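Sequence and computational prediction follow.
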Amino acid sequence: MNREIENLLTTLKIQPVLVDIGASVAPPPQWTPLAQHSIYVGFDPDRRELHDIPDGQYKRSIIVNEAVTSAPEQREVNFYLTRSPYCSSTLLPDTESLADYLFADLFEVEREVLVRASSLNAVLERLGVQSVDWFKTDSQGTDLRLFLSLKPDLRNRVLAVDIEPGLIDAYQGEDLFVDAHRELLRQGLWLSSLEVKGSVRMRRTTLQAIASQHCNLRDIDIYQAVRRSPGWCEARYLRTLKSLRERNADTRDYTLLWVFSMIEQQWGYALDIAQAYRQQFGQNDISTQMHPIFR
């Protein structure tokens with residue numbers, strides 16, 4: 001598969017733009033086949049767990065150490081640094097809701113800082129990046145509003161979207177999955193994969209009371225013995241063919257959507273794209289590479 005992807009990106013001189021909001025972890029492994037051709041833009045104001053991108057891994061890589069805001073007029077935002085860097089957010093944790101779960105202490109705010117902030121549109125313009133092809137955000141509560149903050153001409157061309165919305169109220173006023181899913185479908189995307197994550201629904205005070213009588217009882221014992229309840233999910237969306245047709249998408253978008261579908265192991269959808277490409281642009285070397293049966 002990587003060879004076909006390499007050939008197509010090289011032949012058409014495509015440089016995918018990959019935006020990673022909440023880049024405290026390494027870039028998604030799914031992006032590895034694209035890396036040497038791609039422009040990577042990562043955002044994260046909490047540098048406690050921020051990793052540098054190895055030289056040469058991406059054609060161009062940029063880490064922006066500031067918060068992304070959906071409000072274009074904001075230049076600074078409050079950022080809540082939690083015990084776990086992976087839970088830090090521009091939204092205040094909902095301590096009342098979180099108290100029902102064993103992982104609540106990870107959201108304990110250690111300090112509040114004022115950090116520099118920019119809208120996504122402003123940063124992309126500043127960097128000279130004129131498109132977004134794969135939009136991945138783990139913003140701890142603001143995924144949907146950040147995607148919608150993209151200018152319409154940018155947003156309508158995004159071919160893949162990764163979000164990590166909540167199923168419970170972990171943050172005050174957060175974008176939940178039910179809202180994000182409904183809106184992304186309306187935006188011309190479809191749900192390709194969904195992985196539900198969670199924690200044990202058990203109050204910390206309950207564990208402390210039990211542990212006082214059974215001194216060897218630890219968090220890990222509870223996690224190993226008790227089923228975890230849904231708390232958030234990792235969802236990936238791909239652009240629909242109907243959406244491509246409605247805006248008269250070019251060969252680049254069809255080809256790159258095919259590439260993303262292959263990476264996502266959506267073999268059937270990749271064949272749909274190849275068929276649609278052939279119907280729209282005729283049979284050529286590109287359609288043949290996407291669908292060898294056309295040879």
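Noted; the coordinates are in hand.

Phi, psi for Gly188 please.
The phi and psi values for Gly188, taken as degrees, to the nearest 10, are phi 90, psi 30.

Tell me, what's the model's pLDDT at the closest residue to it other than its chain neighbours?
Excluding its sequence neighbours, the residue lying closest to Gly188 (C-beta to C-beta, 6 or more residues apart in numbering) is Ser243, at 3.1 Å. In this view, the C-beta of every residue, glycine as well, is placed from N, C-alpha and C. On pLDDT, Ser243 comes in at 97.

if I pick Ser243, what's in contact with it?
156, 188-189 (C-beta atoms under 8 Å, 6 or more residues apart in numbering).

Regarding it, which helix or strand does it belong to?
Assigned by DSSP states H and E, Ser243 belongs to helix 241-246.

Equivalent analysis for Arg236, please.
strand 229-239.

Can you pull out the residues in contact with that strand?
Contacts with strand 229-239, where a contact means C-beta under 8 Å, 6+ apart, come from 101, 103, 158-168, 170, 177, 180-181, 184, 188-201, 253, 257, 260-261, 264, 266, 269.

and what of stretch 89-105?
67, 69, 77-80, 82-83, 87, 107-109, 117, 139-142, 168-174, 199-204, 207, 219, 222-223, 229, 231.

Restricted to buried residues, select those residues in ChimeraX.
The ChimeraX selection below is limited to those of the contacts of stretch 89-105 classed as buried (16 or more other C-beta atoms under 10 Å):
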select :67,69,77,79,80,82,87,107,117,139,140,141,142,168,170,171,174,199,200,202,204,207,222,229,231
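
So which of the contacts of stretch 89-105 sit within strands?
67, 69, 77-80, 82, 109, 117, 199, 229, 231 (DSSP state E).

for the residue nearest the centre of the chain, what are its contacts?
Among the residues of the chain, the one closest to the centroid is Lys136, at 2.4 Å (C-alpha atoms, centre = their mean). For Lys136, the contact set (C-beta under 8 Å, 6+ apart) comprises 18-21, 28, 161-162.

For PyMOL, write a command that selects the buried ones of those residues.
Selection of buried members from the contacts of Lys136 for PyMOL, criterion 16+ other C-beta under 10 Å:
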select buried, resi 18+19+20+21+161+162
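
Would you map the helices across the stretch 151-295 of the chain?
For the stretch 151-295 of the chain, the helices defined by DSSP state H, counting those that start in this stretch occupy 152-155, 177-186, 204-211, 219-225, 241-246, 251-263, 267-281, 285-290.

thinking again about what came up before, just the element for the residue nearest to the centre of the chain, please.
strand 134-137.

so how far is the strand holding Arg236 from its chain's centroid?
How far strand 229-239 lies from its chain's middle: 9 Å, per C-alpha atoms, centre = their mean, to the nearest Å.

Next: stretch 86-100.
19 Å.

buried stuff in that stretch?
Quick answer for stretch 86-100 (16+ other C-beta under 10 Å): 86-94, 97-98.
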